[in-house]
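> Build the 3D model from these lines:
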Amino acid sequence: MRCNHTHYHIESHQKMSSNESRRIRKYWEQTGGLLIEKFQATPKKKTSNKKNANKQIIDAIIVLGEKKQIQEDGTYDFTDKDIIIVQTEKTAIGMQLLGEAFSAREKMMPYQPHSIKTVAICSKPDEEMFRLCQEFDIEMVVIPD
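Next up, the predicted model:
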């Protein structure tokens, strides 16, 4: 699947909780790059039955190799860029966070980045979920409260 446009409009759609934002920013402090929070991965489509049925808001995308800054709106071309997709939850990792991280990675593939690293940030470790994360190539990062 290939997107028709090279630049994608970025809008802040929702406010992030302070815990989510804190965890993302702490992780971003280690990676550097361009931080895009609350990215809508699927373009808005008007459908008669399901408004924004395929919409997914990704908690954050970090574009490596770019100047360390936060982009809140505008456009960005992900083609051939190395990106990190970040999904976060304030509690221990669970199936919802794991599913959101997996889905976010799949939804970013049409944007044709060079590479995609997927990270799930939570506040408490879980050994069983850690094994599932490894199986699906999702890095679990624990940042306690």
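> Now do residue 132 against residue 34, distance only.
Distance, residue 132 to residue 34, by Cβ to Cβ, to the nearest Å: 29 Å. The way it works is simple: take the backbone N, C-alpha and C, and place the C-beta from them, glycine included.
> These two: which has the busier surroundings?
Shown here are residue 132 and residue 34; by other Cβ atoms under 10 Å, residue 34 has more neighbours (19 against 15).
> what is that one paired to in the beta sheet?
residue 63, residue 69 (DSSP bridges).
> Can you read off the pLDDT for it?
With respect to pLDDT, residue 34 scores 97.
> Relative to residue 86, how far out is it?
Residue 34 is 13 Å from residue 86, by Cβ to Cβ.
> overlap in contacts of these two?
Jointly contacting residue 34 and residue 86 under the rule Cβ atoms under 8 Å, 6 or more residues apart in numbering are residue 62.
> Burial check on the closest residue to residue 103 other than its chain neighbours, number of neighbours?
Distance criterion Cβ to Cβ, 6 or more residues apart in numbering; nearest residue to residue 103, sequence neighbours excluded, is residue 56 at 6.1 Å. Residues within reach of residue 56, counting by other Cβ under 10 Å, total 16.
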